[in-house]
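**Q** Model the structure of this input:
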Amino acid sequence: MSLPEHGRPVARSRRPFFGFCLCQPPLCLLLPLILLLTRPWSGMCAALASPRFTKIPTDQIGVSGGVASFVCQATGNPKPVVYWNKKGKKVNSQRIETIEFDDGAGAVLRIQPLRAPRDENVYECVARNSEGEVSVTSKLSIMRGKAQRHTSTNGLRHAFSFTCALLASAIIPASLG
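**A** Model (predicted):
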């Protein structure tokens, strides 16, 4: 039996070969195009994007002994990691809890119980991915005072009152002034 000449096919087969059917050249050239057109575009064409905030934390005024919560959420591609800083360092305390969102693109900072002046500070939310980093700050102020306990005459109900000062500012329109 003689060997075939170089460059000539020995035989053509239409049997499956590892899940693929060997076929004529025009159809084989179309197969990658068919696969490309039938796959979802979302995964193939998603552009890389630096993080941007979709929910930013607001300044909080808390009561000594109470709770303060800050919420921060970001989007980007790849999905950003969100974390909290206090004085330029990642928050780390037994009273301060960071709860990350299930999808990883947000976090809640919860401080309990609030202690003045220790917890009064500017807190920074940072969102970071391979394309960049953004940050936003929010301030925590804590009202100090003494809680007074009041007991009703039947002794079953308890109420608390808290004495505090309130500071406010306003812009008065010229038409009212």
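
**Q** can we go C-alpha only for contacts and neighbour counts from here?
**A** OK.

**Q** you'd agree residue 110 is up against residue 98?
**A** Yes: Residue 110 lies in contact with residue 98 (Cα atoms under 8 Å); the separation is 6.3 Å.

**Q** Can you tell me what sits against the longest strand that the chain contains?
**A** The longest strand of the chain (DSSP state E) is strand 132-143. If you take Cα atoms under 8 Å, 6 or more residues apart in numbering as the criterion, strand 132-143 is touched by 50-52, 56-64, 114-117, 119-128, 164-165.

**Q** Please put the alpha-carbon coordinates of that strand into CSV.
**A** The C-alpha trace of strand 132-143 is given here as CSV (Å, rounded to 0.1, in the frame of the first residue of the first chain):
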residue,chain,number,x,y,z
GLY,A,132,-9.7,52.7,39.4
GLU,A,133,-10.7,53.9,42.9
VAL,A,134,-13.3,56.4,44.1
SER,A,135,-14.1,57.6,47.7
VAL,A,136,-16.7,59.6,49.4
THR,A,137,-16.8,60.8,53.0
SER,A,138,-19.5,61.3,55.6
LYS,A,139,-19.4,62.8,59.1
LEU,A,140,-20.6,61.3,62.3
SER,A,141,-21.6,63.7,65.1
ILE,A,142,-22.7,62.4,68.5
MET,A,143,-25.0,64.3,71.0
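
**Q** what comes up buried for it?
**A** Buried residues in strand 132-143, counting neighbours by 16 or more other Cα atoms under 10 Å, are found at 134, 135, 137, 140, 141, 142, 143.

**Q** again, but for stretch 77-94
**A** Neighbour counts over stretch 77-94 (16+ other Cα under 10 Å) mark 78, 79, 80, 81, 82, 83, 84, 85, 91 as buried.

**Q** which residues pair with the nearest residue to residue 60 once chain neighbours are set aside across the strands?
**A** Among residues not flanking residue 60 along the chain, residue 140 sits closest, at 4.9 Å (Cα to Cα, 6 or more residues apart in numbering). Residues in a beta bridge with residue 140, per DSSP bridges, are residue 60, residue 121.

**Q** ok, now how distant is residue 140 from residue 123?
**A** For residue 140, the distance to residue 123 equals 7 Å [Cα to Cα, to the nearest Å].

**Q** same thing with residue 57?
**A** In terms of Cα to Cα, residue 57 sits 9 Å off from residue 123.
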